[in-house]
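Asker: I would like the atomic coordinates for the input below:
(chains A, B, C, D, E and F)
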4 protein chains.
Amino acid sequence: MAQSQPIDKRTLILDAAIKVFAKNGYHRSRVSDIAEEAGIAYGLVYHYFKNKEEVLSSIFRERWSAFLDVIRLYREAPITTREKFTSICFYLLNSYNLRPELMEVLILEIARSSKFLQDSHIEEFNEAFRLLEGMIRDGQACGDLRADVDPSLSAYSFLGAIELILTGYVLNTLKARDVKTYQKVAETVVDVFIDGLGKR
Amino acid sequence: MAQSQPIDKRTLILDAAIKVFAKNGYHRSRVSDIAEEAGIAYGLVYHYFKNKEEVLSSIFRERWSAFLDVIRLYREAPITTREKFTSICFYLLNSYNLRPELMEVLILEIARSSKFLQDSHIEEFNEAFRLLEGMIRDGQACGDLRADVDPSLSAYSFLGAIELILTGYVLNTLKARDVKTYQKVAETVVDVFIDGLGKR
Amino acid sequence: MAQSQPIDKRTLILDAAIKVFAKNGYHRSRVSDIAEEAGIAYGLVYHYFKNKEEVLSSIFRERWSAFLDVIRLYREAPITTREKFTSICFYLLNSYNLRPELMEVLILEIARSSKFLQDSHIEEFNEAFRLLEGMIRDGQACGDLRADVDPSLSAYSFLGAIELILTGYVLNTLKARDVKTYQKVAETVVDVFIDGLGKR
Amino acid sequence: MAQSQPIDKRTLILDAAIKVFAKNGYHRSRVSDIAEEAGIAYGLVYHYFKNKEEVLSSIFRERWSAFLDVIRLYREAPITTREKFTSICFYLLNSYNLRPELMEVLILEIARSSKFLQDSHIEEFNEAFRLLEGMIRDGQACGDLRADVDPSLSAYSFLGAIELILTGYVLNTLKARDVKTYQKVAETVVDVFIDGLGKR
DNA sequence: GATGAATGAGGTTTCATTCAT
DNA sequence: AATGAATGAAACCTCATTCAT
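Answerer: Numbering: from 1, shown residues only, chains lettered A, B, ... in the order given. Here you go, the predicted structure:
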């Protein structure tokens, strides 16, 4: 497939939807807005997706799995637990750097809508926590991490920290726009998380 | 007809709205749903609020300030920094215990909406981070906390951790329904946050 | 009744309504606007008038009769037919000068609405034409006016001319704000109407 | 399904609107009434027009220009000034004969709404007066008309006379339903206007 | 008389979705 | 595949009117 021109229409629509949802929010976005952004007729959206909700669902399904893959990848990697945390944290922060609109949609629209989504994605969401929880258990097993702390709560805490920092970027209450800063931020977060904020 | 309690109609509407928003989400909730829940005609909602958005805004404005007051209170209290963190964390978790619907709305709807709300509440949101940041600075100044960590990022991390744990409760992926558990969870979160997850 | 303070509330409401209707048009005016303008509670309007339409009707009924009286007066007066026309024309133009808002309502709202008003005022409207028509017949009988012209059409033409000139003032496409000009305009209109625009 | 005539939907809607507005008045007419009259779903009205007001505006814009064209045509025609007046007057009266509903809307709704219309049509309205004024100046210049009478006031008087006669037809206080009568009426109006009602 | 809380019919408008072309 | 006219459910909001106080 010589990706020269055609560009998969489906992807074209998804990318347009990400842009539009990020700008206006899912509920305030019209199917016609997406189509206009994609430069197609709005009827065509219904060739590729059952309905508007399906568009949002697809964004989630197809992007979230990439994130899960990355966690799996780092989890298995021959690096220290601290490096695993840092890598995941940086990956998420940098994802925002690379595709801010996508992250806005994932964070503001999907995470918070999942309670209401028909085809609920809670299970897929959960997978992230389970993976991270497993990674923490691994760390505890190998002696990198304290064993007396609940791995599930720790996973939630870690992702929550990252998520709110990303929200800060999304809502523009935190500023940072370059890879170097993101690297530094990732290290700080992991530093707090592993070494603690307390004085020794 | 001696109404047993006069009951402020405005509050009646707000409480009904919290219940309805928590159940269906803001956008899926109709003004008539709120009115029905409140046992009034929907036209009356427009006597007390300019429109549906104003109802959501009011919920936020009038409840968020309570949270800010609590942070201020604990910040000034003659207790250790760790105790301050634990108190705040428990307060939030227990708020969910006491008024789960209110917390659902605050967590799921307002953060998402604040980007789009006319009269954006970002400033009020920020105040929470500023207060917590100040509290961390205090802790650093008095030697309770390491001085080499960015207070702002730490504040975001701490609240993010709590927020995602609450989201876990809201989305029912985390279970816990009694004060004792919440107290334990608060201690765990603060433990991780201050002492770190790493082995010494 | 010492008219010192009380001021008839009914009149107060009517005057407020005239002001409000003139500014926003009947349909765009709310009962509460009228009440606000009158400085009373809007429920009180319903003590004095059956409903909003009744307010408009009353304005018409109570003011139009004044106009009819003036036509009757001049018709009977011991003056030339030309003077009668001039007096009526000036009276109407000057009424606008004195109470522009009242004239706006009479011209813009009532004429338009009379087709739809419940208690249609067409008969009262007609009375003006009948009176003027009678005046024209008198003029024809006494030899002041040509006898070969339809008096009814003449009456419509005369009032129509004045009405559109007033509309010009109302819509601000014609300008004139002093009694002297109005006197001059009245004379011009009657000049055209009686002597004709044609060259002799 | 071979539609006998394609029929422009936009025009279909406008014609339906004219009928409905004439019958009930603009404010008393619902968009659904228009749609029903046009035999379409009411949502379709919003494909062709921004809102209800736009429908009224379009009626005006697209019909008033025809009238202006006629004035221009007669003004330039190689006929006497009297013939010009008579032609215009007859054209308007006959327009009512041909499309009474359109004229009702133009006269009762638009003329009197223009003060409130967003995109005010006052300028287009004015153009009619300007053209007629120019025609009168021409008549004065060529010696057909007296030069000592204000052309602007004369134009208002002439159109006002016609308008009120039409209003008489609309409100059914004047009766006339055939071309021959309209021709006669036009001649009478112009007779009064040019030769005057006074005896020589 | 006077108030304004309360009601709810009524209307506008939006927009997801269908479908003939 | 692609288009966009057409549909109509659905929701918001207004505001005339009533009525308890």
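Asker: give me the domain ranges for chain A.
Answerer: Residue ranges for the domains of chain A, per automatic domain parsing: A:7-49, A:56-194.
Asker: what's the closest of those domains to C:Tyr42?
Answerer: Each of the domains of chain A was scored for nearness to C:Tyr42 using CB to CB, and the closest is domain A:7-49 (35.2 Å). For glycine as for every other residue, the C-beta is placed from the backbone atoms N, C-alpha and C.
Asker: wait, does that closest one make contact with DNA strand F?
Answerer: Yes: with CB under 7 Å from any atom of the strand as the threshold, domain A:7-49 lies in contact with DNA strand F, specifically through A:9, A:40-44, A:46-48.
Asker: quick one: end-to-end length of that domain, please.
Answerer: Looking at domain A:7-49, the gap from its leading to its trailing residue is 17 Å under the measure CA to CA, to the nearest Å.
Asker: export the domains of chain A to CSV and tack on mean pLDDT and mean neighbour count?
Answerer: Compiled in CSV, the domains of chain A are given as follows (pLDDT from 0 to 100; neighbours: other CB atoms under 10 Å in any protein chain shown):
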stretch, mean pLDDT, mean neighbour count
domain A:7-49, 94, 17
domain A:56-194, 91, 18
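Asker: which of the ones you listed sits closest to chain C?
Answerer: With respect to chain C, and counting by CB to the nearest CB, the nearest of the domains of chain A is domain A:7-49 at 29.2 Å.
Asker: chain center to the closest one, what's the gap?
Answerer: Centroid separation between domain A:7-49 and its chain, computed with CA atoms, centre = their mean, to the nearest Å, is 20 Å.
Asker: likewise for stretch A:148-155?
Answerer: Mean C-alpha position of stretch A:148-155 versus that of the full chain (CA atoms, centre = their mean) differs by 21 Å.
Asker: is that stretch anywhere near chain B?
Answerer: Yes: figure legend: stretch A:148-155 in contact with chain B (CB under 8 Å from any CB of the partner chain); contacting residues A:149-150, A:152-154.
Asker: just the CA trace of stretch A:62-74, in PDB.
Answerer: The C-alpha atoms that make up stretch A:62-74 are tabulated as PDB, following Å, rounded to 0.1, in the frame of the first residue of the first chain:
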ATOM      1  CA  GLU A  62      -7.100   2.100  19.300                       C
ATOM      2  CA  ARG A  63      -4.900   4.400  21.400                       C
ATOM      3  CA  TRP A  64      -5.200   2.900  24.800                       C
ATOM      4  CA  SER A  65      -3.900  -0.400  23.600                       C
ATOM      5  CA  ALA A  66      -0.700   1.400  22.500                       C
ATOM      6  CA  PHE A  67      -0.300   2.600  26.100                       C
ATOM      7  CA  LEU A  68      -0.900  -0.800  27.500                       C
ATOM      8  CA  ASP A  69       1.800  -2.200  25.100                       C
ATOM      9  CA  VAL A  70       4.300   0.300  26.400                       C
ATOM     10  CA  ILE A  71       3.600  -0.600  30.000                       C
ATOM     11  CA  ARG A  72       4.000  -4.300  29.100                       C
ATOM     12  CA  LEU A  73       7.200  -3.500  27.300                       C
ATOM     13  CA  TYR A  74       8.800  -1.600  30.100                       C
END
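Asker: is chain B within reach of that stretch?
Answerer: No: with CB under 8 Å from any CB as the measure, stretch A:62-74 is seen stopping short of chain B, the closest distance being 14.8 Å.
Asker: residues touching that stretch, excluding its own?
Answerer: By CB atoms under 8 Å, 6 or more residues apart in numbering or on different chains, the list of residues contacting stretch A:62-74 from outside reads A:14, A:84, A:87-88, A:91-92, A:95, A:102, A:106, A:121, A:124-125, A:127-128, A:131-132, A:135.
Asker: got the angle for the helix or strand containing A:Glu187 vs helix B:179-195?
Answerer: Following DSSP states H and E, the helix or strand that holds A:Glu187 is helix A:179-195. Following axes from the mean of the first three to the mean of the last three CA atoms, to 10 degrees, one obtains 120 degrees for the angle between helix A:179-195 and helix B:179-195.
Asker: what does helix A:179-195 contact?
Answerer: Taking contacts as CB under 8 Å, 6+ apart, the residues outside helix A:179-195 that touch it are A:81-82, A:85-86, A:89-90, A:93-94, A:96-97, A:145, A:157-158, A:161-162, A:165, A:176, B:149-150, B:153-154, B:157, B:192-193, B:196-198.
Asker: CA atoms of it as CSV?
Answerer: Extracted as CSV, the C-alpha positions of helix A:179-195 are listed here (Å, rounded to 0.1, in the frame of the first residue of the first chain):
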residue,chain,number,x,y,z
VAL,A,179,11.0,17.3,26.0
LYS,A,180,13.8,18.3,28.5
THR,A,181,11.3,19.6,31.0
TYR,A,182,9.1,16.5,30.6
GLN,A,183,12.2,14.3,31.3
LYS,A,184,12.9,16.4,34.4
VAL,A,185,9.3,16.2,35.5
ALA,A,186,9.2,12.5,35.1
GLU,A,187,12.3,12.1,37.3
THR,A,188,10.8,14.3,40.0
VAL,A,189,7.5,12.4,40.1
VAL,A,190,9.3,9.1,40.4
ASP,A,191,11.7,10.6,42.9
VAL,A,192,8.8,11.6,45.1
PHE,A,193,7.1,8.3,44.5
ILE,A,194,10.0,6.1,45.3
ASP,A,195,12.1,8.1,47.7
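Asker: on that earlier part again, quick one: which of the residues of stretch A:148-155 next to chain B sit in helices?
Answerer: Cross-referencing the residues of stretch A:148-155 next to chain B against helices under DSSP state H gives A:152-154.
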